[in-house]
Structure formats: structure tokens, C-alpha cells
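**Student:** just a sequence and a predicted model for now, questions to come.
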Amino acid sequence: MVAEKYAKEKFSSIADLYQFSVTEDNSGNNPSNRMFRVQFSNPTRDSPVDAVTASLYVYVRAEGTKYIIGGYRIEGRRQIYDEDFPFNKQWVEKVIKDKLLMRKVINTNDNSEFLKTRLQVEEKE
């Protein structure tokens, strides 16, 4: 898979800090333009499931029989970076830091006051 190979090469600078997985996002209708999600996490022995993760989206397009990387985008940003634009590991760290701060501000457990303000989904019988 071209996106996985690209991710391993592009994000090798943070491989010692974060683990990442690559999955295809099938939300698009065009098979010649595909998007892959690279999800970064930092599991530890004490916390094997992270409270938050950071995502990066890699855009791949088909040109004939080849797949070409079209660029990448960091979660929470609109800017799409060219495939050759240098990756900055601080982007991932900022997304994770911001999400951890948001978890302190908004209690998202099932009984929180915040969730009581959300619309209830009616179950169909």
C-alpha cells in the first residue's frame, strides 16, 4: 500500500515517540482519489489505550496504473501540505495536547451535564 509506505518514511522521525496505524477512509465516491488516515497514539504499560489520538490524512490519487501521493493534512487544520513539505512532529504533539486540555474542560462521560444538553436519538420500534 502506497500510503503505508509513505507514512513509514515520512513519519519515521516520531516513530520512537508514537505508534501509528494506517487505514483507508472509504467516505469518498471517487476510486481514483483516495484518503488514508494515519492515527498516532502513545500507549504505555500503565495506559495501553490512549485517552486521545491525533490523526493525519494522506491523499492518494491514481494516475494510470500508479498511485501518487497528493499531500497530507493534520487533524484540526485546513491546510493541505504537499507531499514534499517537511513534517513537524510538534503538530501531532499539539493536537494531542489540545485534546487532553479539552477533556479537562468538557466532561464527556455518559452521565455528564454536557451530554444531557445533546439531542436524544429516538429509537425506532
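**Tutor:** Perfect, thanks for sending it. Numbering: from 1, shown residues only.
**Student:** point to the residue nearest the middle of this protein.
**Tutor:** Per CA atoms, centre = their mean, the C-alpha nearest to the average position across the chain is that of Ser55, at 1.4 Å.
**Student:** right, and that one touches Met35 too?
**Tutor:** No - contact between Ser55 and Met35 fails when scored by CB atoms under 8 Å: they sit 11.0 Å apart. Heads up, the C-betas are built off the backbone N, CA and C, glycines and all.
**Student:** returning to that earlier point: list the contacts of the residue nearest to the centre of the chain.
**Tutor:** 37-40, 75, 95 (CB atoms under 8 Å, 6 or more residues apart in numbering).
**Student:** could you save those residues as CSV and add columns showing distance to Ile106, secondary structure and pLDDT?
**Tutor:** Shown next, in CSV, are these (distance: CB to CB, whole Å; DSSP: H, G, I helix; E, B strand; the rest coil; pLDDT from 0 to 100):
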residue, distance to Ile106, secondary structure, pLDDT
Arg37, 23, strand, 90
Val38, 26, strand, 89
Gln39, 21, strand, 90
Phe40, 22, strand, 90
Glu75, 17, coil, 92
Val95, 16, helix, 93
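**Student:** quick one: buried ones out of these?
**Tutor:** 37-40, 75, 95 (16 or more other CB atoms under 10 Å).
**Student:** reformat those residues as TSV; add distance to Phe20.
**Tutor:** Compiled in TSV, the buried ones among the contacts of Ser55 are given as follows (distance: CB to CB, whole Å):
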residue	distance to Phe20
Arg37	10
Val38	5
Gln39	6
Phe40	5
Glu75	13
Val95	13
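**Student:** what's the closest of those residues to Ile14?
**Tutor:** For those, the residue nearest Ile14 by CB to CB is Phe40; the value is 7.5 Å.
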